[in-house]
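> Sequence plus predicted model, see below.
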Amino acid sequence: MIVANVRHRLTRNDAQLAMSLIARDSSRERDDAEAALRDAGLDALLDDPRLLEGLVRTPAGAAASWPLFCYVVVRHALRAHAINDRTLADYVAAVLEAFAWRDRAHRIAPTDDERYETLADLVRDSETADARRAYLIRVHLGNYALWLAGCFPDRIEARRHRRGGPDLDYYDVLGARGYALAAEHRLAHEQGLSPLFAEAARRYVALRIALNAVSDTLFFPDRHTPDRLLRQVRDDARWRLAS
């Protein structure tokens, strides 16, 4: 099961790279970064805007580990959308990190035999009598919807036009529903995860919009279409209204 542990898995090398990207060859800036790390911990570096800039705009940023990259881009995207919860950023980064590998996005667990292609299939199986499987499916419904709609909104819109597929609102509804159902499950209460999933359900649209910003600027920056512009304008208005 995916857990919010990306920050805790960052290494000394990650911290050293973060300081280097922030300092940019300035001994004074490096001294300041080392003082911030010593006095306030790694979060002080991870939240520094210069780290994000260094990761995505300098050659040295290419040396970043995948966990460091995922956490920093997610954390800064969420903060830009008024989501300051580090645990929530950690969890979304963990989803992004995990689903980038092989077919993990299509399975409720790495070793599970069942492969899910649609949200409807997950909804169908979410009421199974097997309590643990039902819980994992509900969590995966939220994760899978957020992954697809957050990272690939242009693909969703293209499929909607070509094949009459579901729109982003459909993903928003089912993604939030998956997290809300997971939050209510007995196992979530036993694991202390109910507050996290409840918050993910409550802030789902903002999470999706924040990931769209990451996708638009970092993953697919050269795509410029009327559909993307309309989505960006609509979602910006929607987010501002909700804020």
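Alright, I've got the coordinates. Residues are numbered from 1 along each chain as shown.
> Show me the residue at the heart of this structure, geometrically.
Val92 (3.2 Å; C-alpha atoms, centre = their mean).
> counting contacts, what elements does the lowest-mean-pLDDT helix or strand in the chain pack onto?
Every helix and strand of the chain was ranked by mean pLDDT, DSSP states H and E. The lowest is helix 27-40, at a mean of 82. Packed against helix 27-40 by the contact rule (3 or more C-beta pairs under 8 Å, 6 or more residues apart in numbering; DSSP states H and E) you find helix 12-23, helix 42-46. Heads up, the C-betas are built off the backbone N, CA and C, glycines and all.
> Of all the ones you listed, which one comes closest to Pro59?
helix 12-23 (10.7 Å; C-beta to C-beta).
> Go ahead and confirm Leu46 touches Val74.
No - using C-beta atoms under 8 Å, Leu46 makes no contact with Val74, being 10.6 Å away.
> tally of neighbours for the closest residue to Ala44 other than its chain neighbours?
Excluding the flanking residues, the one nearest Ala44 by C-beta to C-beta, 6 or more residues apart in numbering is Ala36, at 4.1 Å. Using other C-beta atoms under 10 Å, Ala36 is surrounded by 18 other residues.
> Would you mind measuring from the nearest residue to Ala176 once chain neighbours are set aside to Ala94?
Among residues not flanking Ala176 along the chain, Tyr204 sits closest, at 3.9 Å (C-beta to C-beta, 6+ apart). Tyr204 sits 16 Å away from Ala94, going by C-beta to C-beta, to the nearest Å.
> Same drill for these two, tell me which one is more crowded.
Tyr204 (25 against 22).
> and that one, backbone torsions?
Main-chain torsions, Tyr204, degrees, to the nearest 10: phi -60, psi -50.
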